[in-house]
Structures are given as C-alpha cells and as structure tokens.
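>>> Show me the folded form of this:
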Amino acid sequence: MLSQPTNTSFDLGGGRIVTIETGKLARQADGSVTVRQGNCILLATVVANKEPKEGQDFFPLSVDYMEKFASAGRIPGSFFKREGRLSDYEVLISRLVDRALRPLFPEDYFCDVQVIITLVSSDSEVVPDALACLAASAALAVSDVPIKEVISEVRIGRIDGEYIVNPSRTQLAKADMDFIIAATEKNLMMVEGESQQCSEEDLVKALEIAHEAIKIQIAAQKELRAKLGINSKRDYTKPVQNEEIQQKVIAVATDKVNQISRSGTSKNERSEAFDAVKDEVIAALGEEATDADKKLAKKYYEDLKWELVRNMILDDRIRLDGRKLEDVRPLSMEVDILPTPHGSALFTRGETQALSTVTLGTPLDSLLVESAATSDYAKFILHYNFPPFSTGEVKFLRAPGRREVGHGNLAMRSLKQMMPGNDYPYTVRIVSDILESNGSSSMATVCAGSLALMDAGVPVPKHVSGVAMGLITRPADNKYAILTDILGDEDHLGDMDFKVTGTREGICGVQMDIKVDGLSMSTMREALEQARKGRLHILDAMYAAMPAAREEVKPHAPRMEKLFIDKEFIGAVIGPQGKVIQEIQRSTGTTINIEEVGNVGEVSIFSPAKEGLDKAVAWIKGIVAVPSVGDVYEATVKSIKEFGAFVEFLPGKQGLLHISEISWKRLESMEGVLKEGDVVKVKLIGVDHKTGKFKLSRKVLMPKPEMAPRPRPAEPGKPEATN
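Predicted coordinates for the structure are as follows:
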C-alpha cells in the first residue's frame with residue numbers, strides 16, 4: 001500500500017500554483033519528488049552510492065533530463081517508435097541543471113551521484129525546463145545525500161518591457177530577453193540565455209527579479225523537508241590526508257611555481273615547465289613512496305598551483321601570459337579563405353583559433369527540432385566541433401559530447417539575434433571547427449561565425465562578438481580581480497567565469513557560472529562593463545576585416561527567386577503526384593519549395609546557375625499566367641491533325657491552331673506544313689468560355705497579301721475597265 005504523500009505549494013504569480021510532492025512515486029530512490037504546474041509534471045530522482053570507488057579523486061555527478069513523448073500524447077517518429085538517446089534539447093537542459101547542482105556538494109565528496117529528471121506529463125503552455133532544476137534540488141533536499149545548500153532555477157522573460165518569471169510558451173515567443181538563472185538563498189550560481197541587444201543594466205535587473213523568485217522556491221523546499229522531519233545528512237568517507245607530504249610539496253614547488261607563473265611563456269612551454277616541477281615533487285618523496293602517496297602529492301601540487309597563481313593575479317595584477325587584467329590577446333582574422341564553401345572565416349585570438357564555414361541551403365534542408373510538446377523546423381543551424389589536436393592531445397574521435405552541444409548552442413543563440421526573419425528563404429548552416437584552443441573557443445566561434453555570415457552574403461545588419469571573462473576573489477582582504485579574455489588555466493582558477501556576446505548596441509547572449517559566495521551586484525556590474533569594453537575592442541577588429549555583409553551571395557552559391565501565386569494555382573504547379581514540379585526541377589536543375597501562406601502560394605526557386613533559375617521562373621509564370629485575348633506567344637507544336645495543329649503556348653496550356661489560321665493561303669491539308677516540335681508564333685484570338693478552349697492564329701501575325709485587282713464590267717460601247 002502506498003504511503004501518504006507529503007506536499008507543499010507556492011504561487012509563481014498570477015495564480016500559477018506550483019506543487020512539490022514526495023512519498024508517492026519512486027520510493028526506493030534516495031530522494032524523489034514530483035513538481036507540478038498546470039498539467040506539466042516532472043519526476044525527479046536522486047541516488048548516491050554510500051562509498052566512493054577505490055582511488056576516486058573527483059566528484060562523479062551525472063544529470064539527465066528526458067522527455068517522454070507519451071507525456072504529450074504522442075508516439076515517437078523514429079523507426080523503433082521509442083525514445084532514443086537524449087536530444088540536443090534534453091542535453092542542454094541537463095547541462096543547465098548540472099552546472100547549478102555541482103557546486104552544492106562538499107569538495108571532498110567523491111561518491112557517484114545520479115540525478116534523473118523526467119517529463120511525465122506535458123502542458124502546451126508550461127515550459128518544463130524552468131522547473132527542472134527546482135525538481136532536482138527538491139529531490140536532493142528530501143534525501144540524505146549531503147549537500148551544502150538548497151537551490152532553485154527560474155526563467156526570466158521580458159515581454160513588452162515587463163519582466164515575467166517563468167513565462168508561458170506563448171509569452172516566451174514574444175520575449176526580447178530570455179534568461180535562466182539559478183541561485184541559492186544568498187548567491188547567484190548560474191546564468192544562461194539570450195536577448196535582443198539588451199543593456200548590462202537590463203541583465204542586472206533580470207538577475208535581481210529572478211533571485212527574489214528563487215528565494216520563494218527555496219523556502220517551499222525547506223518547508224517540505226521540515227514536514228518530513230529531515231534534519232541531518234548522511235556521513236561519508238573523506239579522502240585520506242597527509243600533512244607531511246603536503247608540506248614537502250610546498251617546500252619543493254613553491255618558488256618554482258611562482259617563477260613559472262611570472263615567466264609569461266606560451267601554454268605549451270608553461271605546461272612543460274609545470275610538469276617538470278611535478279616530476280621533481282614526486283622524486284622528492286623518495287623511492288619508498290607508494291602509488292597512493294604519489295597520487296596525493298599530485299593533488300597537493302595542483303592545489304598549490306591554484307593558490308599561488310590566484311595570489312599572483314590578486315596581488316601583482318599580472319597574469320600567466322604577462323597581460324594586464326583587461327587586455328585582450330592579439331587578434332587576427334581573415335574572410336573568404338576557402339574557395340568552395342559559400343562563406344568562410346578564420347578567427348584567431350592568442351592561442352585560440354576557429355575556422356567557420358557557412359552553407360546556404362533550401363527550406364528542404366531545415367532541421368526538425370522535436371520535444372514532447374513541440375515540433376518545429378529551424379532554418380538556422382550551428383554545429384561546433386572540438387577535435388583533440390586543438391589542444392595537442394591524442395583522443396578517439398567521438399560524436400559531439402555535451403560540451404560541444406552546449407558551446408554550439410551559446411554561439412547559435414547569440415548569432416541568431418542578427419539573422420534575417422522567417423521570410424529569408426535560405427536555410428543557413430554554420431560549422432565551427434576549433435583548430436587551436438587555450439581559452440573560450442565558443443567565443444571564437446561567435447566571432448568567426450559572424451564574419452563567415454557576412455562573407456556568405458547573409459544580410460546580417462551587425463557583427464556579433466564575444467569575450468570570456470573571469471573573476472578571482474579573496475574574501476579575507478576583500479580583494480578581487482576581473483580578467484578579460486581568460487586562458488584555459490584561468491578558467492580553472494576562477495571563482496566566476498562568464499561569457500558575454502553582443503553587438504556595439506547590447507548583449508545577445510550570456511553564459512555564467514559563479515562559484516563564490518556573496519558576489520555583490522556592484523561587482524557584477526563592474527564585470528559586465530569590463531566585458532563590454534573587451535567586446536567592443538574585438539568588434540572594432542571584426543569591422544576592419546569585414547565592414548558589412550556582401551550585397552550578393554557568391555557566384556557558386558545557390559541563387560534564389562521567390563514568386564507569389566494564387567492559391568488555386570498551387571496544384572497546377574505541383575501537378576498530379578508531383579509530376580509537373582519534378583519535371584521543372586529535373587529540366588532546369590533547380591530546387592523548388594512551395595508553401596501555402598493564407599490565400600497565397602509562396603514559391604521559392606533555388607539554382608546554382610542563373611540560366612536554370614530564369615528557365616524555371618518562366619516555366620512557373622507560364623503555368624500561373626491567365627491567357628488574355630490579343631497576347632502573342634511562342635508556341636510548340638504538340639500534335640498534328642487533319643484540321644490543324646494543337647500547340648502549347650504556355651506551360652500546361654494548349655490551344656487549336658486551325659488549318660485556316662496557319663496561313664493566308666488556303667491549305668488543302670496539313671501535310672508538310674508543320675511538324676511536332678516546331679516553334680511558331682501565335683496570337684490568342686478567342687476563348688470559348690463554356691469549354692475553356694483557346695483559339696489561336698498564326699496568319700494574323702503575317703502580312704496580309706494584296707488582292708489582285710478584279711476587272712469592272714464595261715459600259716455599252718466601251719472596252720472593259722480595270723480597278
């Protein structure tokens with residue numbers, strides 16, 4: 001018999017009630033809750049091993065968000081008719097939750113933890129991703145898995161100037177700001193989203209509104225936990241510590257690490273030097289050192305590096321590569337570097353390099369994006385690849401992982417803000433291949449992608465650039481350092497890393513992870529202002545390389561022309577079983593897409609050659625043309641009859657050229673006069689409106705021969721006269 005469930009509720013605003021319930025479903029999990037708003041129900045479970053694996057020295061957290069198609073009353077469209085691997089959409093939500101949850105666990109907690117969030121009932125107006133982190137945190141809150149704090153996550157959308165917490169799907173479609181924010185009761189933890197060139201102050205306001213809403217959700221989780229009587233968390237095995245080894249590492253490595261950190265060398269040289277010091281540390285342990293001792297020494301060495309480099313940046317205001325805090329590394333960029341792609345650009349910033357290509361396709365190339373509640377086609381696609389050689393490593397080439405999906409999504413959302421509207425006929429695909437990486441290849445992707453779009457002739461009005469920022473703090477003496485264009489090592493060292501993309505006018509995208517307690521909004525404003533200056537510096541270089549989009553696509557890119565036809569002619573252009581449109585495409589080498597928009601048929605014609613495009617346009621215009629009496633046409637003889645010839649004077653339209661209308665001279669038969677395939681010029685002289693038959697004439701276009709004069713009868717007694 002099921003136990004009595006326990007629940008609590010809160011109001012999102014406007015009577016939108018959210019209910020958290022536990023004790024009814026998935027009771028063998030360490031923690032299990034359902035979160036409900038309207039008809040949307042999420043089931044979140046958490047299970048953690050009691051002991052870490054032997055030798056484990058990192059925290060193995062896995063977070064998976066998945067949507068059951070049955071939740072929306074749908075059957076998956078795949079061959080197997082069942083859910084497969086996580087879609088990119090599900091991966092992105094999983095990442096949002098993972099990034100918010102990970103800092104909650106103690107630094108010395110190394111047990112496997114698995115969080116699974118499942119959409120089991122869908123609501124067409126409730127967007128479930130805004131509730132996923134609340135569900136995951138609530139499952140942890142009602143479990144005995146050790147976490148330091150309770151968190152939650154909300155979406156902030158700005159619609160017609162009004163900031164709305166967790167807007168409906170209909171509202172979100174009209175939003176010019178869309179951010180998901182995670183926070184504890186005191187501190188922000190994670191920010192990700194997009195906007196149509198909002199200001200830094202707009203973003204800060206959204207963060208403040210989100211934090212107040214999150215505090216209400218945290219209070220509800222604490223209330224639920226209190227109802228269950230959960231007051232303590234489980235004990236866990238902590239890693240072995242050895243102060244003697246730690247002191248030996250400090251003695252051997254401190255001066256050497258300080259020297260290398262201040263050398264200003266390249267990434268590879270610095271890495272080799274640090275590795276050499278690590279070897280010295282291991283050697284200093286002596287031959288009697290066990291593998292466990294060596295492993296512990298390596299950990300202490302990494303901890304020492306982390307502390308010394310942070311202190312160098314905070315105290316000396318210099319960085320690992322010798323730059324000042326606000327400096328951007330040297331920039332280099334080229335466009336049109338590849339002859340065959342429709343657009344290309346190479347962007348290099350220090351030791352990070354991205355090669356981006358743009359391909360222009362037809363609407364048939366658009367990407368089907370499905371979730372349980374929605375099914376839509378995307379005409380703008382961005383794929384990000386991170387091969388192992390970019391960091392000088394040897395690894396198996398695998399399908400894109402979660403990191404690649406997340407980085408590509410951030411770049412796509414940023415560049416999407418400048419893309420032309422839905423009436424732009426092309427499907428646009430950007431591929432970003434990272435050739436070298438030492439700090440924010442996703443921001444290099446944004447810059448290279450923007451340049452490549454302009455090189456391809458996509459009518460984007462402005463460049464979008466991006467810069468990765470870092471923040472290092474030391475609460476003991478209230479010191480902090482904001483870093484522009486962070487290195488890979490600085491990303492690991494920082495208390496906050498955030499990426500900001502945008503134009504000269506405002507922010508287009510943000511991804512932010514905050515690991516420090518007590519970050520003030522004044523510090524946040526300062527960091528965003530420094531990011532703005534870095535973004536503008538990069539934009540200046542981008543405009544110097546490519547001032548504006550090409551006025552036309554390149555000669556080898558597909559040409560396009562759009563026609564609007566009467567809805568009643570769509571069937572005529574397509575033909576029975578598609579025979580007409582297939583013949584046009586085959587004969588002209590074009591791709592034709594027809595969409596019904598209201599009472600109009602929108603015909604998009606794509607062709608790699610202008611000649612084929614013109615031929616297809618003329619063909620379709622002929623099909624939809626309404627013949628008018630008096631018009632002259634080039635007609636092709638289709639068949640010969642004894643009484644005349646049937647000719648096609650417009651695509652799909654034939655008429656009779658009667659034997660009497662072929663020539664002013666009387667013809668006794670059609671033999672030798674015309675043959676099938678002949679092209680003759682004819683004039684439409686009549687239409688039988690009852691039968692719809694067309695009457696054509698050739699002779700009216702010919703000079704009419706002069707009549708021979710006829711003799712007049714003679715008057716009596718006079719010779720015969722002539723006219």
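
>>> Provide a list of residue ranges in the stretch 201-350 of the chain with pLDDT below threshold.
For the stretch 201-350 of the chain, no stretch has pLDDT under 70.

>>> At which residues are the strands of it located?
Remark: strands assigned in the stretch 201-350 of the chain by DSSP state E, counting those that start in this stretch are 331-335, 343-349.

>>> got the angle for the longest one vs strand 331-335?
With axes from the mean of the first three to the mean of the last three C-alpha atoms, to 10 degrees as the criterion, the two stretches strand 343-349 and strand 331-335 enclose an angle of 170 degrees.

>>> quick one: strands adjacent to strand 343-349?
Sheet pairing for strand 343-349, assigned by DSSP bridges, gives strand 331-335 (antiparallel), strand 352-361 (antiparallel).

>>> one step back: pick the most buried one from the strands of the stretch 201-350 of the chain.
strand 343-349 (a mean of 25; mean count of other C-beta atoms under 10 Å). Placement of C-beta: from N, CA and C, glycine included.

>>> where exactly do the helices run in the protein?
Ranges of helices in the chain, per DSSP state H, are 88-101, 129-141, 169-172, 200-228, 243-261, 267-284, 291-316, 402-416, 441-455, 488-493, 521-545, 570-574, 579-588, 610-624.

>>> ranking those helices by burial, who's on top?
Of the helices of the chain, helix 441-455 is the most buried (mean count of other C-beta under 10 Å), at a mean of 30.

>>> how much does that one deviate in direction from strand 352-361?
Helix 441-455 runs at 40 degrees relative to strand 352-361, counting by the same axes, to 10 degrees.

>>> Export the strands paired with strand 343-349 to CSV and append columns for distance to residue 598.
Output for the strands paired with strand 343-349, formatted as CSV (distance: least, C-beta to C-beta, whole Å):
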stretch, distance to residue 598
strand 331-335, 39
strand 352-361, 25
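
>>> ok, so what distance separates residue 669 from residue 636?
According to C-beta to C-beta, to the nearest Å, residue 669 and residue 636 sit 21 Å apart.

>>> More neighbours: which of these two?
A count of neighbours by other C-beta atoms under 10 Å puts residue 636 above the other of residue 669 and residue 636, at 14 against 9.

>>> circling back to that earlier point, pipe the strands of the stretch 201-350 of the chain into TSV and attach distance to residue 446 per row.
Formatted as TSV, those follow (distance: least, C-beta to C-beta, whole Å):
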stretch	distance to residue 446
strand 331-335	12
strand 343-349	9
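
>>> residue contacts, residue 501?
The contact partners of residue 501, by C-beta atoms under 8 Å, 6 or more residues apart in numbering, come to 410-411, 414, 443, 446, 464-466, 507-510, 535.

>>> Okay, and the beta partners of it?
As for beta bridges, residue 501 partners with residue 466, residue 509 under DSSP bridges.

>>> Check it and give its pLDDT.
We have a pLDDT of 96 for residue 501.

>>> pull the helix or strand with minimum mean pLDDT from this structure.
Counting by mean pLDDT, DSSP states H and E, the chain has its least confident helix or strand at strand 721-722, which shows a mean of 52.

>>> Quick check: residue 675 vs residue 290, distance?
Distance, residue 675 to residue 290, using C-beta to C-beta: 99 Å.

>>> Kindly report the same for residue 319.
To residue 290, residue 319 is 37 Å away according to C-beta to C-beta.

>>> With neighbour numbers in mind, choose between these two.
Ranked by neighbour count (other C-beta under 10 Å), residue 319 and residue 290 place residue 319 first, with 25 against 9.

>>> Could you measure from the more buried one over to residue 526?
Distance, residue 319 to residue 526, using C-beta to C-beta: 18 Å.

>>> Just list whatever residues bridge to residue 165.
Beta-bridge pairing of residue 165 under DSSP bridges involves residue 156.

>>> check contacts around it.
By C-beta under 8 Å, 6+ apart, residue 165 lies in contact with 12-13, 154-156, 209-210, 213.

>>> how does it look with 7 Å?
12-13, 154, 156, 209, 213 (C-beta atoms under 7 Å, 6 or more residues apart in numbering).

>>> Just name the closest of the residues you listed to residue 701, please.
Of all the contacts of residue 165, residue 156 has the smallest distance to residue 701: 71.5 Å, by C-beta to C-beta.

>>> Would you enumerate the residues in contact with the closest one?
By C-beta under 7 Å, 6+ apart, the residues touching residue 156 are 163, 165, 177, 179, 181, 206, 209-210.

>>> Same check on residue 95?
Residue 95 sits next to 402, 406 when contact means C-beta under 7 Å, 6+ apart.

>>> For it, give its distance to residue 141.
21 Å.

>>> Nearest to residue 268 among the strands paired with strand 343-349 would be which one?
In terms of C-beta to C-beta, the element of these nearest to residue 268 is strand 352-361, at 13.7 Å.

>>> And for that closest one, what's in contact with it?
Strand 352-361 is contacted from outside by 338, 341-347, 426-441, 444-445, 448-449, 452-453, 456, 458, 553, 557-558, using C-beta under 7 Å, 6+ apart.

>>> The spatially closest residue to residue 364 that is not a sequence neighbour: neighbour count?
Leaving aside its sequence neighbours, residue 364 sits nearest to residue 593 (C-beta to C-beta, 6 or more residues apart in numbering; 6.1 Å). Residue 593 has 19 neighbours, counted by other C-beta under 10 Å.

>>> so residue 593 touches residue 363, yeah?
Yes - between residue 593 and residue 363 there is a contact under C-beta atoms under 7 Å: 4.5 Å.

>>> any common contacting residues for the two?
Common neighbours of residue 593 and residue 363, using C-beta under 7 Å, 6+ apart, are residue 604.

>>> tell me the pLDDT at residue 664?
Residue 664 is assigned 85 on the pLDDT scale.

>>> Who are the contact partners of it?
Residues near residue 664 by C-beta under 7 Å, 6+ apart: 699, 702, 704-705.
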